[in-house]
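Q: Model the structure of this input:
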Amino acid sequence: MSGSHWAHHMFPASRNLLLITACSAEILRVRRTRVLNFQQVTMPYLAAFVPPHWNVQHVDEAVTPVDFEVPADVVAITFHTPSAQHAYDIADRFRRRGATVVLGGPHVTLLPEEAQEHADAIFVGEAESHWPRFLAEFETQCYRKRYCCDETPSLDHVPSSRHDLLYRRDHTAGALFATRGCVHRCEFCTLAVMYKSNFRKRGVEAVAAEYGSFPGKVVILWDDNIAGDIPYAKGLFRALAPHRKWWSAQASIHAAADDEFLELAARSGCKQLFIGLESISQASVNGVSKGFNRVEEYASAIARIHSHGIAVQAGIVFGFDHDTLSVFDDTVDFLEQTGVQNATFNILTPFPGTRLHQQLEAEGRILTRDWSRYNGRGDVVFAPRLMSAAELLSGYRYATARFYSARSICTRLAHSPVQLFWTLPLNVSYALALRYRA
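A: Here you go, the predicted model:
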């Protein structure tokens, strides 16, 4: 073996990898009223799989614009549906410069044929099984155009994310995930397409070690449903407790039925649970295959969560086929009566590839395929059944403004003064952000 071949074999040539978490300017404006916009962990996580002879940079567009002059052999972009065209514009521009562009993320899995037109390679489904393989194949210039995740990747032995690539200066020390996927198949949710309802778990010890490695006090568990496996969650909470940090996560309503789950969560530092109530109409949740949410049990479930000193952030969606114009006031009335500390309101959005989109398209009710309007907050992209699109948008804005009005804040937080030291400032921040937008 010649000296040059030996050196190349022992010391591979350095490569430049640019990771981009894409977010269009329009979506940033839509999100501006959301005071809490947490770290996206996809790219820092995938960076942990990259060989050491690659130079890795990460641009999170929620913080920093893309620099098109940065040296890059490979540009990898992840994005959601409302930022699709923006991501394609970035991809096209880098390809014109001669960089190899890789696209992945939810929208690519939903519409791979569309994404393929703007990329040298795409990842359909979960990426970690094929991501190291692509990097190795790129170095031999024999990579494929499409990497499809046909199997369910195990989360055993996955690395911690590259914390040095988490750039957002939000209210948290960082974010990580313990589980992936959801056991349910709600018609409007993209998780059923992304993960095919396969729920998986990382090792408790590995999660606890990563959790403890964050230097700050507040950590977000970026799980789709931390209550997807109750016994696992209880073991995890026991492992997190010694680190004496605070955390928040998403959970299904089932979490409230288990007092030991709530007790261990609170003891381990849980300050808030995001609960996807979706609607206060049983007919509405039944209609999108989420009938396991029993509306008559909502109030008692919220009260049980509160009794353990945990705040509730309710996920609410407007625009289901059973929604009438009364749904906006009825929903806020309920949230005030139950003392919900925070709420995320969304307009029902039929993302391409979901069963909801297929149904509405078959009924001729899809109004646009301009993906930038599939943002869930600034536009209505389908024809509602019992109100007009304009009435749905107006009602969504009204409910948001009413929920974060001074009167509603006082009513809700007086009813359940849980975690008042931070829920009150948070509500005031949302109220001010809405006023600024108006």
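
Q: Going along the chain, name the strands of this protein.
A: 15-21, 54-60, 74-78, 100-104, 121-124, 146-148, 174-176, 179-180, 200-201, 218-221, 246-251, 270-278, 311-318, 342-347 (DSSP state E).

Q: Counting by contacts, list what the longest one packs against.
A: Meaning strand 270-278. Under the contact criterion of 3 or more CB pairs under 8 Å, 6 or more residues apart in numbering; DSSP states H and E, strand 270-278 touches strand 246-251, helix 298-307, strand 311-318. To be clear about C-beta, it is placed using only N, CA and C from the backbone, and glycine gets the same treatment.

Q: same question for that strand, mean pLDDT?
A: Computed over strand 270-278, the mean pLDDT rounds to 96.

Q: Pipe the helices and strands packed on strand 270-278 into a markdown table and attach distance to Tyr398 per row.
A: As requested, these are exported to a markdown table (distance: least, CB to CB, whole Å):
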| stretch | distance to Tyr398 |
| --- | --- |
| strand 246-251 | 26 |
| helix 298-307 | 22 |
| strand 311-318 | 10 |
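
Q: Any chance of JSON lines for the ones you listed, columns mean neighbour count, mean pLDDT and distance to Asp330?
A: Shown next, in JSON lines, are the helices and strands packed on strand 270-278 (neighbours: other CB atoms under 10 Å; pLDDT from 0 to 100; distance: least, CB to CB, whole Å):
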{"stretch": "strand 246-251", "mean neighbour count": "23", "mean pLDDT": "96", "distance to Asp330": "24"}
{"stretch": "helix 298-307", "mean neighbour count": "19", "mean pLDDT": "97", "distance to Asp330": "12"}
{"stretch": "strand 311-318", "mean neighbour count": "22", "mean pLDDT": "97", "distance to Asp330": "11"}
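
Q: Any idea which of these gets closest to Leu176?
A: Nearest to Leu176, of all those, is strand 246-251, at 9.7 Å by CB to CB.

Q: about what we covered before: for Val41, which of the strands of the chain is the nearest?
A: strand 174-176 (5.1 Å).

Q: so how far is Pro71 from the closest residue to Ser129 other than its chain neighbours?
A: Spatial nearest neighbour of Ser129, excluding adjacent residues (CB to CB, 6 or more residues apart in numbering): Pro153 at 4.7 Å. From Pro153 over to Pro71 the distance is 31 Å, taken as CB to CB, to the nearest Å.

Q: I'd like to know how many residues surround the residue nearest to Ser129.
A: The number of residues packed near Pro153 is 17, by other CB atoms under 10 Å.

Q: just for the protein, where's the confidence low?
A: In the predicted model of the chain, residues 1-12, 31-38, 167-171, 182-197, 436-438 satisfy pLDDT under 70.

Q: Show me the longest helix that occurs in it.
A: helix 420-437 (DSSP state H).

Q: Figure out how far that one is from the centre of its chain.
A: 22 Å (CA atoms, centre = their mean, to the nearest Å).

Q: May I see the buried residues of that helix?
A: Neighbour-count burial for helix 420-437, counted by 16 or more other CB atoms under 10 Å, picks out Thr423, Leu426, Asn427, Tyr430, Ala431, Leu434.

Q: what packs against that helix?
A: Right, helix 420-437 is packed against strand 342-347, helix 406-415 by 3+ CB pairs under 8 Å, 6+ apart.

Q: any idea of the angle that helix forms with strand 246-251?
A: Angular relation of helix 420-437 and strand 246-251 on a 0 to 180 degree scale: 70 degrees, by axes from the mean of the first three to the mean of the last three CA atoms, to 10 degrees.

Q: how many degrees apart are helix 420-437 and helix 406-415 in direction?
A: Taking the same axes, to 10 degrees, one finds helix 420-437 and helix 406-415 inclined to each other by 170 degrees.

Q: Not counting sequence-adjacent ones, nearest residue to Tyr45?
A: With CB to CB, 6+ apart, the residue lying closest to Tyr45 is Ser161, at 4.2 Å.

Q: Phi and psi next, for that neighbour.
A: The phi and psi values for Ser161, taken as degrees, to the nearest 10, are phi -70, psi 160.

Q: that older thread, so which of the helices and strands packed on strand 270-278 comes closest to Trp54?
A: Closest among those, using CB to CB: strand 246-251, at 31.8 Å.

Q: now that closest one: how far from the chain's centre is it?
A: Its chain's C-alpha centre and that of strand 246-251 lie 13 Å apart, by CA atoms, centre = their mean.

Q: what's next to it, contact-wise?
A: 211, 217-221, 223-227, 240, 268-276, 313 (CB atoms under 8 Å, 6 or more residues apart in numbering).

Q: Identify the residues contacting the residue nearest to Ala256 when sequence neighbours are not counted.
A: Spatial nearest neighbour of Ala256, excluding adjacent residues (CB to CB, 6+ apart): Ala301 at 3.6 Å. Residues near Ala301 by CB under 8 Å, 6+ apart: Ile253, Ala256, Ala257, Ile275.

Q: Among those, which one has the most neighbours?
A: In terms of neighbours by other CB under 10 Å, the contacts of Ala301 top out with Ala256 at 26 neighbours.

Q: my read: that residue touches Leu277, true?
A: No: with contact defined as CB atoms under 8 Å, Ala256 does not count as touching Leu277 (11.0 Å).

Q: Tell me the one of the buried residues of helix 420-437 nearest Phe382?
A: Among the buried residues of helix 420-437, and counting by CB to CB, the member closest to Phe382 is Leu434, at 25.0 Å.

Q: Give me the neighbour count for the nearest residue to Ala383 once chain neighbours are set aside.
A: The shortest distance from Ala383 to any non-neighbouring residue, by CB to CB, 6+ apart, is to Arg365 (4.3 Å). Counted with other CB under 10 Å, the neighbours of Arg365 add up to 16.

Q: same thing with the one 5 residues further on?
A: Here the number of neighbours of Asp370 (other CB under 10 Å) works out to 12.

Q: The residue nearest to Ala383 contacts Phe382, correct?
A: Yes: when contacts are counted by CB under 8 Å, Arg365 is listed as touching Phe382 (5.0 Å).

Q: The longest helix of the chain versus strand 342-347: what angle between them?
A: Compare the direction of helix 420-437 with that of strand 342-347 by the same axes, to 10 degrees and you get 40 degrees.
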